[in-house]
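[1] sequence first, then the predicted structure, then my questions.
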Amino acid sequence: IGGIEHAILHLLYSRFFVKVLRDIGLVDFDEPFQNLLTQGMVKLNGETMSKSKGNTVAPEDMIVEYGADAVRTYILFMAPPDKDLEWEEDGLAGIYRFLNRVWRQVNDLMGQAGDDTLYQGEATQEEGIAASDVLNRERHRVVGKVIDDIDRNNFNTALAAIMELSNAAGDYLRKVSPETRAACDHLPKLDRDVAETIVVMLAPMAPHWAEELWHTVLGHEGSVHEQPWPEFDPEEAKADEVELAVQINGKVKSRIMVAADAEEDAIKQTALAAVSNAMEGKSAVKVIVIPGRLVNIVVK
């Protein structure tokens, strides 16, 4: 891992050294590295940060205000590591709030929120059941996505996926009371599973934050960084229904819920019925279904 400006020095020289060692029989391989990640440059006001230019940003003040984990997580969230990024501090406060929000969610999931619980007491029993189903599905889906993202060094999209799981957890906690969760047969297991999954997945990005939660809230011995990665079931990640945007000539006019395995013809009919009034007497000349995303109706 290194910047492109080092390619003719560190990378080239290390390859020469390895090939010499190979030729004299001290090693049995040809290349010093299995993979190369050329990281992007960090820019400030359009110019690449450089000590020689004196335009670097010292992290000390940011760490004092937000903590090292928030700064670290924000850097990973700003852009893929192989892309250049323009340094801005505006989003740092948002990441700080995200880590604090998840801290509160983990406490609530583990029954340690007390009066600080997120429960709002407004949902019906059916809405609570639906929220728990969504949370379980999101837990499996997000674990699979984060595994894939981290394998490709896409830490920014991995963090975005964890944020989606946090949103599902927040919705669930607002709709299902701590007493209901504690009394239900399967919800305490779901609560702990989601809490541990979030902490383990965020551990590479926010190591101190995760270690603290692992010990003080989740009650474990040993380090969170020695734990196996959460497992997931692709079948559990599948949604029973999906929401599709319905467009007329490229402009969104409605949204529909259809079965995840619905046939294309059925989706088309549902979409046409949903926007029949918006078609203003015009005829549909083409209906294009993009699975899992949208239906575009071309009219004239």
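    That came through fine.

[2] sketch out the helices for the stretch 1-150 of the chain, chain order is fine.
    Under the criterion DSSP state H, counting those that start in this stretch, the stretch 1-150 of the chain contains helices at 12-23, 60-66, 68-78, 92-109, 125-151.

[3] before we move on, what about the stretch 151-300 of the chain?
    Using DSSP H, counting those that start in this stretch, helices in the stretch 151-300 of the chain cover 155-175, 178-183, 187-202, 207-216, 264-274.

[4] make a markdown table from those helices and add distance to residue 282 and mean neighbour count to it.
    Any C-beta I mention is one placed from the backbone N, CA and C, and that applies to glycine too. What follows is the helices of the stretch 151-300 of the chain, written out as a markdown table (distance: least, CB to CB, whole Å; neighbours: other CB atoms under 10 Å):
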| stretch | distance to residue 282 | mean neighbour count |
| --- | --- | --- |
| helix 155-175 | 37 | 20 |
| helix 178-183 | 50 | 14 |
| helix 187-202 | 47 | 20 |
| helix 207-216 | 55 | 18 |
| helix 264-274 | 12 | 15 |
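
[5] dump those helices to TSV, plus distance to residue 79 and mean pLDDT.
    Converted to TSV, the helices of the stretch 151-300 of the chain look like this (distance: least, CB to CB, whole Å; pLDDT from 0 to 100):
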stretch	distance to residue 79	mean pLDDT
helix 155-175	6	95
helix 178-183	38	90
helix 187-202	19	96
helix 207-216	21	97
helix 264-274	36	92
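
[6] nearest to residue 111, out of these?
    helix 178-183 (5.9 Å; CB to CB).

[7] can you list contacts of that closest one?
    108, 111, 113, 117, 119, 128, 187-188, 191 (CB atoms under 8 Å, 6 or more residues apart in numbering).

[8] check stretch 286-296 too.
    242, 244-250, 252, 256, 264, 267-268, 271-272, 297-298.

[9] which among the residues you listed end up buried?
    242, 244, 246-248, 256, 267-268, 271, 297 (16 or more other CB atoms under 10 Å).

[10] measure residue 266 to residue 256 for me?
    For residue 266, the distance to residue 256 (CB to CB, to the nearest Å) stands at 11 Å.

[11] kindly apply the preceding question to residue 247 instead.
    Taking CB to CB, one finds residue 247 at 11 Å from residue 256.

[12] returning to that earlier point: mind putting the helices of the stretch 1-150 of the chain into TSV with mean pLDDT and distance to residue 84?
    Formatted as TSV, the helices of the stretch 1-150 of the chain follow (pLDDT from 0 to 100; distance: least, CB to CB, whole Å):
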stretch	mean pLDDT	distance to residue 84
helix 12-23	94	23
helix 60-66	93	20
helix 68-78	95	10
helix 92-109	96	19
helix 125-151	93	20
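
[13] export those to a markdown table and tack on distance to residue 170 and mean neighbour count?
    As requested, those are exported to a markdown table (distance: least, CB to CB, whole Å; neighbours: other CB under 10 Å):
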| stretch | distance to residue 170 | mean neighbour count |
| --- | --- | --- |
| helix 12-23 | 47 | 13 |
| helix 60-66 | 21 | 13 |
| helix 68-78 | 18 | 21 |
| helix 92-109 | 6 | 19 |
| helix 125-151 | 10 | 18 |
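
[14] of those helices, which is nearest residue 198?
    Residue 198 lies closest to helix 92-109 among the helices of the stretch 1-150 of the chain, at 6.1 Å (CB to CB).

[15] which outside residues touch that closest one?
    With CB under 8 Å, 6+ apart, helix 92-109 has contacts from 62, 66-67, 69-71, 73-74, 77, 113, 116-119, 163, 166, 169-170, 173, 178, 191-192, 194-195, 198-199, 202, 206, 209, 213, 217-218.

[16] next: stretch 11-20.
    Contacts for stretch 11-20 (CB under 8 Å, 6+ apart): 2, 27, 29-33, 36.

[17] what remains of those residues if I keep only buried residues?
    Among those, none counts as buried (16+ other CB under 10 Å).
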